[in-house]
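Engineer: Generate a structure from the sequence data that follows.
(one chain, ligands or ions: 1)
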Amino acid sequence: MEKKQNFFSVVLLGPPGSGKSAQALCLSKFFQLKHVDIGMELRKVAQEDTPQGKEIYNYMYKEHSLISDEIIENLLQNDICKRSECRRGIILDGAPRRIGQIERIEKILQKQEIPLLRVISLSVKKESLIKRIKHRYFCPRCFSFYIEGKDIQNAQKDLCPRCQYPLMKREDDTLEGVEKRLNIFEEETLPVIEEYRRKKILLEIDGDREGEIVCQNVYEQITLILREKEYENKNTSRN
Ligand code: ADP
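Structural biologist: Next comes the predicted model:
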């Protein structure tokens, strides 16, 4: 039987365009944990013709603001964490993004016995973020992101390399949307990162490097933490 003691979750935070999703995907493969992209989960609900779908759509695409803490908590507790693929732990991409979400999210993970091990904060220069987002396209079928000029040559002509579907721009990836999201990140999410620094579970990572190098770097640091934890657990069970 799998030992629950070894189950854990990791949170990834960073400004829009910092590469959270790409890093979360890469880490989820290394650790064989489910990648949970809160933004993508919300985009799916925003497409639904329901009062909640309309509310989320309005926040995301019209106001470019954060969704309420209650909706995030409800989504994680009553939907995401109920999925069997999340039972060994998750790489949580994009939450908590506001101080009020910290305790709610940690409690849910604790209750599911997939406790929060570390929070990764990706930092990237503002010029690089704006440049990345300007050239960022996504596939509405498999939700993969690509940077034009790097991952694909021409977003108008090229199809999704994964599923051969036409690519499009995210509705909130306008200059106005990005500026607003960057301000929200500074006002609401930097205090969350500060809180995790205080709790001493923050890993600060330079995200202005090649994606594979960033991922390797995070992987090595988490692996080391897991080894130390295993060593501590062995010693406490012996005593
Ligand atoms: P980005 O990091 O580029 O803004 P995401 O896909 O992570 O992109 O998020 C898109 C949008 O989803 C955000 O602008 C916000 O409206 C909403 N969102 C995502 N995560 C959260 C969260 N933890 N709390 C509240 N709103 C969120």
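Engineer: For burial, what's the neighbour tally of the residue of the chain found nearest the ligand?
Structural biologist: Relative to the ligand, the nearest point of the chain is G39 (1.9 Å; Cβ to the nearest ligand atom). From N, CA and C alone the C-beta is placed, and that goes for glycine too. When neighbours are defined as other Cβ atoms under 10 Å, G39 has 19 of them.
Engineer: From N183, how far off is it?
Structural biologist: 17 Å (Cβ to Cβ, to the nearest Å).
Engineer: cool, I38 as well?
Structural biologist: Using Cβ to Cβ, I38 is found at 19 Å from N183.
Engineer: So for the two, which residue has more residues nearby?
Structural biologist: The residue with more neighbours, out of I38 and N183, is I38; 21 against 11, by other Cβ under 10 Å.
Engineer: so that one makes contact with G94?
Structural biologist: Yes: judged on Cβ atoms under 8 Å, I38 makes contact with G94 at a distance of 4.2 Å.
Engineer: Longest strand in this structure, by number of residues?
Structural biologist: The longest strand of the chain (DSSP state E) is strand 116-123.
Engineer: what's next to it, contact-wise?
Structural biologist: The contact list for strand 116-123 (Cβ atoms under 8 Å, 6 or more residues apart in numbering) reads 8-14, 18-20, 23, 105-106, 109-110, 193, 196, 201-208, 214, 218, 222, 225-226, 229.
Engineer: quick one: is it near the ligand?
Structural biologist: No: for strand 116-123, no contact with the ligand is found by Cβ under 6 Å from any ligand atom; the gap never falls below 10.4 Å.
Engineer: Take that strand, keep the C-alpha atoms, and write them as PDB.
Structural biologist: What follows is strand 116-123, C-alpha atoms only, in PDB (Å, rounded to 0.1, in the frame of the first residue of the first chain):
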ATOM      1  CA  LEU A 116       1.800  21.700   1.400                       C
ATOM      2  CA  LEU A 117       5.500  21.000   1.300                       C
ATOM      3  CA  ARG A 118       6.900  24.100  -0.400                       C
ATOM      4  CA  VAL A 119       5.800  27.300  -2.200                       C
ATOM      5  CA  ILE A 120       7.800  28.200  -5.300                       C
ATOM      6  CA  SER A 121       7.900  31.900  -6.200                       C
ATOM      7  CA  LEU A 122       9.100  32.500  -9.800                       C
ATOM      8  CA  SER A 123      10.500  36.000 -10.400                       C
END
